[in-house]
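**Student:** please find the sequence and the predicted model below.
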Amino acid sequence: NAGVMQNPRHLVRRRGQEARLRCSPMKGHSHVYWYRQLPEEGLKFMVYLQKENIIDESGMPKERFSAEFPKEGPSILRIQQVVRGDSAAYFCASSPGQGRVEQYFGPGTRLTVT
Amino acid sequence: AQRVTQPEKLLSVFKGAPVELKCNYSYSGSPELFWYVQYSRQRLQLLLRHISRESIKGFTADLNKGETSFHLKKPFAQEEDSAMYYCALSVYNQGGKLIFGQGTELSVKP
């Protein structure tokens, strides 16, 4: 089992461009969580998805950010019109669900907005 | 409000010394707590969860509901324990999202 995969590992975008971050959960896991880590801070929850459904997006900024987890393919975190303040490490985690709450993390995507 | 506090940003000890990384939480329900570790250039890994009450790599953590704490301890630190340690609270009735502390960097000197 390769574990949670994220790509790209590093992403550089200019202000105003779009950033797309991908996450493939562990095999057999149907729950995906996205977290953001700003410099010098801990990880902050953004969104929780199950296949084709957003369950909790209480940590997502109201504008420019969206997430999806389609029936086929990876989960995508999309940031439109990026700004310097979006520069951070974005981590994806997956969980098997079914009453098990432990989460397994990907290596993260480091987004730099220039 | 749900909150996890790790008061020490950096903890530096010598090899063989005891280690205690502090974690306090604020949660109105029954907490489920975890310790995650991130070694240099590696991903976050689950180290311990309180309900399993096990010892991993010599580390233990006991939930103290009276003091709302979940401190991580190891009697004799090793250089390979140097890493970032994060305490996290699972909010079960909100899908199991994790609330993280700020993290403590443990540095074990030879």
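**Tutor:** Now that the structure is in, tell me what you want to look at.
**Student:** quick one: neighbours of residue 75, just the number.
**Tutor:** This is for chain A. Neighbourhood size, A:Ser75 [other C-beta atoms under 10 Å in any protein chain shown]: 22. Any C-beta I mention is one placed from the backbone N, CA and C, and that applies to glycine too.
**Student:** my bad, the chain I had in mind was chain B
**Tutor:** 11.
**Student:** wait, it touches B:Lys57, no?
**Tutor:** No: if you go by C-beta atoms under 8 Å, B:Pro75 and B:Lys57 don't touch, sitting 12.0 Å apart.
**Student:** what helix or strand is A:Cys92 located in?
**Tutor:** Assessed by DSSP states H and E, A:Cys92 sits inside strand A:88-95.
**Student:** which secondary structure elements does that strand contact?
**Tutor:** Under the contact definition 3 or more C-beta pairs under 8 Å, 6 or more residues apart in numbering or on different chains; DSSP states H and E, strand A:88-95 sits against strand A:5-7, strand A:19-24, strand A:31-37, strand A:75-79, strand A:104-105, strand A:109-113.
**Student:** up against chain A, what does chain B have?
**Tutor:** Within chain B, the positions near chain A by C-beta under 8 Å from any C-beta of the partner chain are B:4, B:6, B:32, B:34, B:36, B:42-46, B:49, B:86, B:90, B:92, B:94-103.
**Student:** in strands, which of those residues appear?
**Tutor:** Among the residues of chain B next to chain A, the ones falling in strands (DSSP state E) are B:4, B:32, B:34, B:36, B:45-46, B:49, B:86, B:90, B:97-100.
**Student:** among these, which ones are buried?
**Tutor:** B:Val4, B:Glu32, B:Phe34, B:Tyr36, B:Leu46, B:Arg49, B:Tyr86, B:Ser90, B:Lys97, B:Leu98, B:Ile99, B:Phe100 (16 or more other C-beta atoms under 10 Å in any protein chain shown).
**Student:** between those residues, which is closest to A:Lys44?
**Tutor:** B:Phe100 (7.3 Å; C-beta to C-beta).
**Student:** wait, doesn't that closest one sit right on A:Lys44?
**Tutor:** Yes: at 7.3 Å, B:Phe100 and A:Lys44 qualify as touching, with contact defined as C-beta under 8 Å.
**Student:** which residues do these two both contact?
**Tutor:** A:Tyr35 (C-beta atoms under 8 Å, 6 or more residues apart in numbering or on different chains).
**Student:** return the distance of the one helix or strand B:Val108 maps to from the chain's centre.
**Tutor:** Assigned by DSSP H and E, B:Val108 belongs to strand B:104-109. Put simply, strand B:104-109 sits 13 Å off its chain's centre (C-alpha atoms, centre = their mean, to the nearest Å).
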